[in-house]
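1. sequence and predicted model, in that order:
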Amino acid sequence: MFLFSDAVRNLMRLSVIILTKDEQANLPDCLASLQKLDAEVFVVDSGSSDRTIEIAKELGCQVFEHPFENYAKQFNWAIENLPIMTPWIMRLDADERLTPKLLEELKLILPQTDDEITGYQVKRRVFFMGRWIRHGGYYPTWLLRIWRTDFGVCEQRWMDEHIVLKQGKIAKLQHDIIDENKKGLSFWIDKHNRYAEREVKDMLSIISEKDDALLKSGQSSQAIRRRWVKKNLYTRSPLFLRAFLYFFMRYIIGLGFLDGIEGLIFHFLQGFWYRFLVDAKIYEKQKKKRSAPS
């Protein structure tokens, strides 16, 4: 439990922010992985109807409630309004957890970080149906998840939002975050159908977008390189064909077939079905626009 005296709070190095809605299946493992970190944990909930808030309070988190519009706005609200007193902030999803080695690395590294380093990237290790998805370009996925307080902001996008640093250098941590959602396949399908609606908005705006905060940051990271490919190559490729090509790149060229049956399901659904669904929704939107009376 995260029950700290004021004296201990004054020595803390890190605050962890977790956004939630109906996360009783995932939150206990997430919070358990943080117990030995001596971090202040903030849970920002947006209307859970299950035991999410009770679980967070029982485990000593500071719980706040705020209406959800999109991830970026919710997270930036948290950065601006939570009573954060620590020199570092960490972004963590409720279906993620720290490995014990990452926990020890954070406790060792953060107090002795040079002033010029203002953010750390960590590797995300995704599990699907209990299996680590190691191929198809899915590991390692580097994400900026830890930054100095007041130095980072979440870029305003509907999907694929990243933390952008105002200044300073980014370093890499050696150990991983584990991403493993325990809500099952039906939830995964429903979630990605909702994601597809947001991705359509992102895809339709990304080509003409002149102020891409991530690309303009001047920093070097895997996320920036992937954003450049998405903006300059993927979004300019023909609808539907690009979904086939992307799946071929991931499953054949990227050796996704080595991830077994679970990998086949994951790469097909995430690397093909989801991308095809986005294109189908874009096609539907464009067709309605063409047939609308002028």
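-> Nice, thanks for sending it over.

2. quick check: closest non-adjacent residue to Trp132.
-> Arg125 (6.2 Å; Cβ to Cβ, 6 or more residues apart in numbering). In short, each C-beta sits where N, CA and C put it, glycine included.

3. quick check, pLDDT for that neighbour.
-> Looking at Arg125, its pLDDT reads 97.

4. test my guess that it contacts Tyr138.
-> No - Arg125 is beyond contact range of Tyr138, at 9.2 Å (criterion: Cβ atoms under 8 Å).

5. tell me what the longest helix anywhere in the chain is packed against?
-> Determined from DSSP state H, the single longest helix within the chain is helix 185-206. If you count contacts as 3 or more Cβ pairs under 8 Å, 6 or more residues apart in numbering; DSSP states H and E, helix 185-206 packs onto helix 274-291.

6. neighbours around His162, how many?
-> A total of 21 residues lie near His162 under the criterion other Cβ atoms under 10 Å.

7. just Phe151 next, same as before
-> Applying other Cβ under 10 Å, we find 17 other residues in the vicinity of Phe151.

8. poorly predicted segments of the chain, please.
-> 1-11, 207-208, 210, 294 (pLDDT under 70).

9. tell me where it has helices.
-> Per DSSP H, the chain carries helices over the ranges 6-11, 27-32, 52-58, 71-81, 100-109, 185-206, 222-229, 241-248, 260-268, 274-291.

10. how about the fifth one: buried residues?
-> If you call a residue buried by 16 or more other Cβ atoms under 10 Å, then helix 100-109 has these buried ones: Leu102, Leu103, Glu105, Leu106, Ile109.

11. sorry, back to before: contacts made by the longest helix of the chain with the rest, please.
-> Contact partners of helix 185-206, identified using Cβ atoms under 8 Å, 6 or more residues apart in numbering, comprise 70, 129, 157-160, 181, 212, 230-231, 235, 269-270, 273-274, 277-278, 281-282, 285.

12. ok and that helix relative to helix 71-81, angle-wise?
-> 90 degrees (axes from the mean of the first three to the mean of the last three Cα atoms, to 10 degrees).

13. switch the buried residues of helix 100-109 over to a markdown table; also include distance to Ala94.
-> Listed next are those as a markdown table, based on distance: Cβ to Cβ, whole Å:
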| residue | distance to Ala94 |
| --- | --- |
| Leu102 | 17 |
| Leu103 | 17 |
| Glu105 | 22 |
| Leu106 | 19 |
| Ile109 | 24 |
